[in-house]
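> just to be clear, the model below is a prediction. Sequence and coordinates:
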Amino acid sequence: MPIVKTLKYKIAGVVIVMGVLGYAAFYLYSNSVGVLVSNAQTCLDAGDLNCARENLNRVLDKNPNHLDALFMLAKIDFQTGNHQTLEPVLRKVLGIQPDLTEARQMLATLLLSKCRFDDTEKELADLRQAGAFSSKQQGQLALVKAGQMVSATQPLTLIDEVSTNIEGALSGDANQPDAHLANAILQIQMGDGAEALTEAQLAQQAMGENFMTQWAIGRARFIQEDLANAQ
């Protein structure tokens, strides 16, 4: 009987040890970087951004320079408009992989939304050099030049650049919203309030209401009212 009891204790001990080891193995597996990234992607596919962010933050706690996790987090911030954290995350991504054109395109779009025209122009130049310059980027460049024209001491010197980029963008995509907004600003500078208002409203329909579309619409209406009062 003592032998049987001893054997039972040994079996029980083995079962406990195996259970502990099994739990430890499962914990390590479920918290591994690869599984956490996969979980984050599953959450994204399901539209659960909070779940995705939670998994990505756990990855970055383990490895702050994990490229896939950083870029996925940037995409979430870009989608949700979380601009406070987006720029530093994108710059970190590009610091790790400078030729990641999608990240640079996102950065250019972000900087343009903040009216940081010179910084946007630099990112667009890098995209052109990388061969990632479509009608969207040309429309953004047109808007950059139009924005620079507003604050320039000699704005008329930029008219040709603005016009050329507008035409180039719209020839590739007739609905390119940045190009339409750039044209609205150009028409404001030329004193054509009616055309400016039409172009600004087209841009706003496509990109939504923002500071630049509201400014252009307001200026266009002011020009129209000013002309009407002068007649």
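Ah, there it is.
> and the residue nearest to residue 132 when sequence neighbours are not counted, how many neighbours?
In space, and not counting its chain neighbours, residue 132 is closest to residue 101: 4.0 Å by C-beta to C-beta, 6 or more residues apart in numbering. Backbone N, C-alpha and C define where each C-beta goes, glycine included. Close neighbours of residue 101, defined as other C-beta atoms under 10 Å, add up to 16.
> what does the one 10 residues further on give?
The number of residues packed around residue 111, counting by other C-beta under 10 Å, is 22.
> so who does it touch?
Applying C-beta atoms under 8 Å, 6 or more residues apart in numbering, we find residue 111 in contact with 87, 119, 120, 123.
> from residue 73, how far out is the residue nearest to residue 132?
Residue 101 sits 18 Å away from residue 73, going by C-beta to C-beta, to the nearest Å.
> now residue 128
Look at residue 128 and residue 73: by C-beta to C-beta, they are 27 Å apart.
> between those two, which has more neighbouring residues?
Taking other C-beta under 10 Å, residue 128 and residue 73 do not tie; residue 73 has more neighbours (25 against 13).
> go ahead and confirm the more buried one touches residue 54.
No: Residue 73 is beyond contact range of residue 54, at 10.9 Å (criterion: C-beta atoms under 8 Å).
> phi first, then psi, for the residue nearest to residue 132.
The phi/psi pair for residue 101 (degrees, to the nearest 10) reads phi -60, psi -30.
> what is the burial count for residue 125?
Residue 125: 13 neighbours (other C-beta under 10 Å).
> repeat that for the one 4 residues further on.
As a burial measure, the neighbour count of residue 129 was computed by other C-beta under 10 Å and equals 9.
> and what of the one 5 residues further on?
In terms of burial, residue 134 registers 14 neighbours under the definition other C-beta under 10 Å.
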